[in-house]
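1. fold the following.
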Amino acid sequence: MQRRTLLIASASVPTLLAAPALVRAQVLDKPKVTIAVGGKNLLYYLPLTIAETQGFFKAEGLEVTIADFAGGSQALRAVVGGSADVVSGAFEHTLNMQAKGQHLRAFVLQGRAPQIVLGVNPKTMPNFKTVADLKGRKIGVTAPGSSTNVMANFVLAKAGLKPGDVSIVGVGAGSGAVAAMRSGQIDAISNLDPVITLLQRSGDLKVIADTRILAEADKVFGGPMPAGCLYAPQSFIDKNPGAVQALANAMVRADKWVQAAGAADIIKAVPENYLLGDRAVYIDAFMAAKGALSPDGLFPEAGAATAVRALQSIDASLKDVKFDLTGAYTNEFVRKALAKVARG
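-> Down below sits the predicted model:
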């Protein structure tokens with residue numbers, strides 16, 4: 001009897017050993033995923049590019065297509081419209097969409113501070129003294145409704161200005177934004193690196209607020225403000241937990257890769273067009289933004305509440321909305337990804 005039991009147990013060992021591979025194959029419920037992003041070249045989304053160029057998505061069995069748009073609001077529309085599965089975008093969009101009755105949830109963090117810089121044009125505003133001087137002026141953002149627009153509105157609100165007191169102009173996140181400032185088409189800009197560092201180096205920008213610096217971001221927003229992340233409709237997450245876990249695994253690896261990387265590593269890892277024709281500027285921009293990028297993909301517990309306060313301060317229609325803060329994000333997938341990294 002004992003021998004028979006031993007034989008049965010022994011016979012089952014190969015099946016048990018094979019089970020993890022079988023489970024992996026079954027769990028990857030959607031191997032092909034489309035991610036929409038607004039301004040892929042920005043350091044704000046550097047972990048996304050690293051996950052792509054270093055093969056972290058492929059290592060998880062994923063075939064990822066990245067659709068690049070001029071700004072985060074357009075990337076969001078792509079997912080809402082069904083042409084993309086996941087957004088690589090600003091965290092606060094998940095809360096904004098709650099107010100519109102749509103449940104989107106963030107599941108892995110790329111940035112622990114917004115990295116957005118608001119600055120004025122020294123050519124068109126040589127006598128600038130305070131934010132109130134921006135009344136009646138043109139402010140360039142990546143795209144209207146994007147996180148750069150939210151940041152600009154937030155700083156304006158603190159100075160007693162309303163969104164309608166300025167003209168918002170979409171200038172993108174690359175050479176077009178630089179050209180708009182240098183030619184005087186806009187009087188101020190709310191944008192990210194490498195655009196900001198390039199304008200600073202050439203003397204075409206006077207910085208007003210800089211959320212690349214963690215302490216300043218916390219001061220501006222009154223607490224930790226989650227920034228770039230991957231988020232998706234809750235229905236997509238519920239239907240494809242395996243794909244979401246694989247995406248989280250790849251992004252956590254990318255977050256950690258970025259923190260361990262030096263300037264030479266970054267230059268080799270990103271496409272040439274990201275550098276805007278100046279490698280030294282891109283390296284400076286990376287060093288300026290590195291501290292604001294997430295080291296582990298986890299969302300801070302107080303982050304959702306900070307984002308709600310920021311949104312409510314600039315949009316009166318949101319003041320009475322009952323937000324589901326825990327429904328805006330989950331750390332479940334990242335915790336599993338971190339455990340996987342720890343196991344090696």
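
2. after the helix or strand hosting residue 237 comes which helix or strand?
-> Following DSSP states H and E, one finds residue 237 within helix 234-239. Next along the chain after helix 234-239, taking DSSP H and E as the criterion, comes helix 241-260.

3. mind giving me the packing neighbours of that following helix?
-> Judged by 3 or more C-beta pairs under 8 Å, 6 or more residues apart in numbering; DSSP states H and E, helix 241-260 is in contact with helix 2-27, helix 46-53, helix 56-59, strand 104-109, strand 228-233, helix 332-343. Every residue, glycine included, has its C-beta placed from N, CA and C.

4. again, only this time at 7 Å
-> Here helix 241-260 touches helix 46-53, helix 56-59, strand 104-109, helix 332-343, going by 3 or more C-beta pairs under 7 Å, 6 or more residues apart in numbering; DSSP states H and E.

5. out of these, which one sits most buried?
-> strand 104-109 (a mean of 28; mean count of other C-beta atoms under 10 Å).

6. returning to what we had before: out of the helices and strands packed on helix 241-260, which is closest to residue 226?
-> Among those, strand 104-109 comes nearest to residue 226, with 5.9 Å by C-beta to C-beta.

7. that closest one packs against which elements?
-> helix 92-98, strand 228-233, helix 234-239, helix 241-260, helix 332-343.

8. what angle separates the fourth one from strand 228-233?
-> Angle, helix 241-260 to strand 228-233, by axes from the mean of the first three to the mean of the last three C-alpha atoms, to 10 degrees: 170 degrees.

9. report the distance from helix 241-260 to the chain centre.
-> 13 Å (C-alpha atoms, centre = their mean, to the nearest Å).

10. can you check the second one too?
-> Relative to the centre of its chain, strand 228-233 is centred 8 Å away, using C-alpha atoms, centre = their mean.

11. for that strand, packing partners?
-> Using 3+ C-beta pairs under 7 Å, 6+ apart: strand 228-233 touches strand 86-90, strand 104-109.

12. tell me who's in contact with the closest residue to residue 128 other than its chain neighbours.
-> Residue nearest to residue 128 in three dimensions, not counting chain neighbours: residue 120, with 4.9 Å by C-beta to C-beta, 6 or more residues apart in numbering. Listed by C-beta atoms under 7 Å, 6 or more residues apart in numbering, the contact set of residue 120 reads 128, 187-188, 206, 208.

13. good, wrapping up.
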